[in-house]
Structure formats: C-alpha cells, structure tokens
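Peer 1: I'll drop the sequence and a predicted model, then ask my questions.
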Amino acid sequence: MSKQPECPLWQLTLTLPFEQVENITDIFEEHALTVSMEEAVSDGSLWRLDILFSEEPPSALLDQLPSEHSFEFAPLVQKDWVSESQKMLPPVDAGRFYIHGSHDAPHPARSRYNLLIDAGAAFGTGLHETTYGCLVALDNLRKSRDFRNPLDLGCGSGVLALAIAKAWKTPVIASDIDVAAVNVTRANAERNRLAPLVTAVHAAGLNSRILNSRAPYDLIVANILAWPLVKMAPGICDALSSNGVLVLSGLLGSQDVMVRSAYLQQGLRLKRRYSIGSWTALVLGR
C-alpha cells in the first residue's frame, strides 16, 4: 500500500485597505492557524493579509470575502524554514543585550543579558533594525530609569518584553494581534526562565480588558509600523502614565515626521531618536 501524502497547509493572501483588515480577520480567526499582516504600501493605506489554515476551509467561508478584492488561495509548500533561517542568523549585540539562537553559545560575560530566541513563527529575533533600535533605546533607559509597569505592544516573538523583564526584573505585559506571536512569546519566556514575569495577551491594539486594567504604563514599547502607530496615538498616549516613557519603532526615516507629529499633538515630547539603516526608533515622554 502506498503512503498517503500529508495534508498540506493552505494559505489565503489578499491586499485590502487598513480599515477593512479587522472585519476580514474576524471572519477567519476561528478557523485559521495564524493570521498575519504587513504594510503593502509605505503610506499604510493598503495591507497584505496572510491567513494560514491546517486544512482546506469550506468554500462558504471564502464566499464571505469582499467581491471587490482579488485574493490568492492555494496549498502552501512546506519547508523547514526555521532550520534554514537559524543557520543564517548571527547573534545580536545591542548594549548589554545579547540575543542568540540555540545554534550559538550565550555571551560569556555575566554582565550581559543573554536571551535565547530562535527564528520561528513570529516576527522578531533582534536582528532587524527596528528591534535593534528598541534594544539600544532600552539599554540606555536602563542606565537612568526604573520601570515597574511596562507594556510591549505588538510583541512579535517577545524579544522586547523579555529584554525588559531581564533588565528590570519586573512583570511585563506583551500583546499582539497575531495568536501565533502570543504563543511564541510564551514559549520564549519559558525557555529564558522569564515566564513568571511575562504575561502574553492576544489583543488588537489596546482593545483588551487585561491591557486596560493594567494601565497606565510607565513604559510602552511599540515596534509596529508607521501607519498603525499614527492611528493608535491617542489610545497609546492615554495608556501612558504622567511620567511614562514611550519607545516607538517600525518606521522608516521618511515616516519620522508623520509619526512624531501624531504624538506631539497628544502632548508628548521627543527625548531621543535612533537611526539604524533606513529605520528609526523614537523615545518620547511628557
């Protein structure tokens, strides 16, 4: 008897305006393995949505897609991307933070904050300029500030939440719109023995009972993308304490003024700017 092939994963990909993303996500979230999104154009008006299924979903589900938007739907060619990407990821050295995969040894110096983060299902290993900029900003803040109620908004793989927990030895809330990111953050917290300090929450922006109950935060790190940062400026600033610090990243240098203006209008002031390659990280406060 011949061996039956394994059932493939199925992927749905479509591009649509930002204001329609949440409605589409609501349709598929209960049926999907993961839902991820990224900016399709630099002004944030269009977003690419990738939805992964463990089996081919019923056609009635796809019929709920808006007729004006084209989409791609097909089996996903499976490959061990984790192993492939791990081979190419060197350790990241950012101030006292040292991010390495399981294929690399931790830093030998006891003064360094070692974090074990393997490439996986969620974005964020510390290698990208936006994450690196946030790590450098956190390292500098560590020298002068003490934080007791921080939030990592849009946590990805949880690198920044783990860095905060490691440096300040304080509980951290980490949230993400992607369920896979929340699960990866929890797993990474376990691997780094930081699970008692890291609470990972599935939430769209600040729309969460847990997030609201813990506000105001004395530190908010939001490594997302420029357009959502602009849209979320009022809510993020409302959630920030009167003496709180805000670290923003995920924006290109050309988007700096747009993002900064949105937060200056909410009463914040620019404290410091980090430019790494084409990307920018901003530190703001009241």
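Peer 2: In hand now; what should we look at? Predicted, not measured: the structure shown is a model, and the values here were computed from it. Numbering: from 1, shown residues only.

Peer 1: In the chain, what helix or strand scores lowest on average pLDDT?
Peer 2: Ranking every helix and strand in the chain by mean pLDDT, DSSP states H and E puts helix 81-88 at the bottom, with a mean of 48.

Peer 1: following that helix, which helix or strand shows up next?
Peer 2: Using DSSP states H and E, the next helix or strand after helix 81-88 towards the C-terminus is strand 92-94.

Peer 1: what does the helix or strand just after that next one rub up against?
Peer 2: Later in the chain than strand 92-94, the nearest helix or strand by DSSP H and E is strand 97-100. For strand 97-100, contacts defined as CB atoms under 8 Å, 6 or more residues apart in numbering pick out 91-92, 106-107, 112-117, 125-127, 135, 138-139, 159, 163, 166-167. The C-beta positions use only the backbone N, C-alpha and C, and glycine is treated the same way.

Peer 1: Let me see the contact set for the nearest residue to Pro8 once chain neighbours are set aside.
Peer 2: In this structure, Pro8 finds its nearest non-sequential neighbour in Pro75, 3.9 Å apart by CB to CB, 6 or more residues apart in numbering. By CB under 8 Å, 6+ apart, Pro75 lies in contact with 8-11, 56.

Peer 1: again, but for Gly250
Peer 2: 130, 154, 222-226, 229, 279.

Peer 1: Can you list the low-confidence ranges for the chain?
Peer 2: Along the chain, the model assigns pLDDT under 70 to residues 1-7, 77-89, 119-128.

Peer 1: all helices of it, in order?
Peer 2: For the chain, the helices defined by DSSP state H cover 18-28, 59-62, 81-88, 129-142, 159-168, 179-191, 209-214, 226-231, 233-238, 256-264.

Peer 1: Of all those helices, which one is nearest Val245?
Peer 2: Comparing the helices of the chain against Val245 with CB to CB, the closest turns out to be helix 129-142 (6.4 Å).
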